[in-house]
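1. What shape does this take:
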Amino acid sequence: VRRQYRQTCCSVILIQRQWRCAYTQLKYQRMRHSAINLQKNYRYWRAFSSYSSMRFGTISLQSVIRGVIVRNEMAVLCNACCNIQRVWRGYRTQLGCADTMAKIITLQSTIRMHQCNTAFSKTQDSIRCIQSVYRTWRINVNEKKTCALLIIQSLARGALVRLQLRKEHRAAVIIQKKWRGLCEHVKYMKLTRSIVSIQALMRERKAKMRYEIFQSGLRLFQGAVR
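-> You can find the predicted model right below:
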């Protein structure tokens, strides 16, 4: 009976030990599977979070860069339009000034010609009156008085001629001054247009170089991010 009892106890202990071992292994396998799933989910969450943050940062950086590029292009276009408008307005103003100056010069020349003709006609009338008086008076005077009157007429004619020459000389000086001023103004406007064109070309070249450098840097950054 004791042997039987001992055998029964030994068999029960073996069964209990095997059962506990199997239960412990099953529990360990479940805990290990749950831990592996938890680690996998955590790693997936961390990778997805880093990918989402990098993707959002890249998209934000691309939007900022595109906005900067578009703003720079718009600024260049606005500057070009302003320069074109300024040049066109200056050209129209120059044309209007040139037409106005031509009209003023023509009016001045006409007025001066009229004044010269009026003065000449008055002088001629006065000379004719003097001649008529002299001719009526010459009948009753001697030859000396006649010679004196001729000298007076020659002096008067010389004074008139000198006065006319002075007026013509002043008019010619004024015309030369205006013509030289117009030539210098035309030269200055040509020089200004050439300088503005050169400045526009240099600014365009600098903008293109900056855009190429910025685009190459962006490509390198995108390649590094990918």
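
2. Need the residue closest to the centroid of the protein.
-> By Cα atoms, centre = their mean, the chain has its centre lying nearest to Asn79, at 3.2 Å.

3. Next, the contact list for it, please.
-> Listed by Cβ atoms under 8 Å, 6 or more residues apart in numbering, the contact partners of Asn79 are Arg203. C-beta: built from backbone N, CA, C; applies to glycine.

4. What helix or strand is it located in?
-> Applying DSSP states H and E as the criterion places Asn79 in helix 2-138.

5. right, and the helix or strand after that helix?
-> If you walk from helix 2-138 toward the C-terminus, the next helix or strand you reach (DSSP H and E) is helix 143-225.

6. what about that following helix, distance to the chain center?
-> Relative to the chain's own centre, helix 143-225 is displaced by 25 Å; criterion: Cα atoms, centre = their mean, to the nearest Å.

7. helices and strands around it, which ones?
-> Here helix 143-225 is seen to pack against helix 2-138 when contacts are counted using 3 or more Cβ pairs under 8 Å, 6 or more residues apart in numbering; DSSP states H and E.

8. relative orientation of the helix it packs on and helix 143-225 in degrees?
-> Calculated by axes from the mean of the first three to the mean of the last three Cα atoms, to 10 degrees, helix 2-138 forms an angle of 170 degrees with helix 143-225.

9. What average pLDDT does helix 2-138 get?
-> Mean pLDDT, computed over helix 2-138, is 84.

10. Return the distance of it from the chain's centre.
-> Centre-to-centre, helix 2-138 and its host chain are 16 Å apart (Cα atoms, centre = their mean).

11. now Met54, nearest residue through space, not along the chain?
-> If the residues on either side of it in the chain are set aside, Met54 comes closest to Val225, at 6.7 Å by Cβ to Cβ, 6 or more residues apart in numbering.

12. In this structure that neighbour contacts Tyr51, no?
-> No: in this structure Val225 lies outside contact range of Tyr51 using Cβ atoms under 8 Å: 11.0 Å.

13. Now do Arg226, the pLDDT please.
-> Predicted confidence (pLDDT) at Arg226: the value is 64.

14. circling back to that earlier point, any idea how far the residue nearest to Met54 is from Leu218?
-> In this view, Val225 and Leu218 are 10 Å apart by Cβ to Cβ, to the nearest Å.

15. Identify the contacts common to the two.
-> Counting by Cβ under 8 Å, 6+ apart, Val225 and Leu218 have no shared contacts at all.

16. Between these two, tell me which one has more neighbours.
-> Taking Val225 and Leu218 together and counting by other Cβ atoms under 10 Å, Leu218 has the greater number of neighbours (15 against 11).
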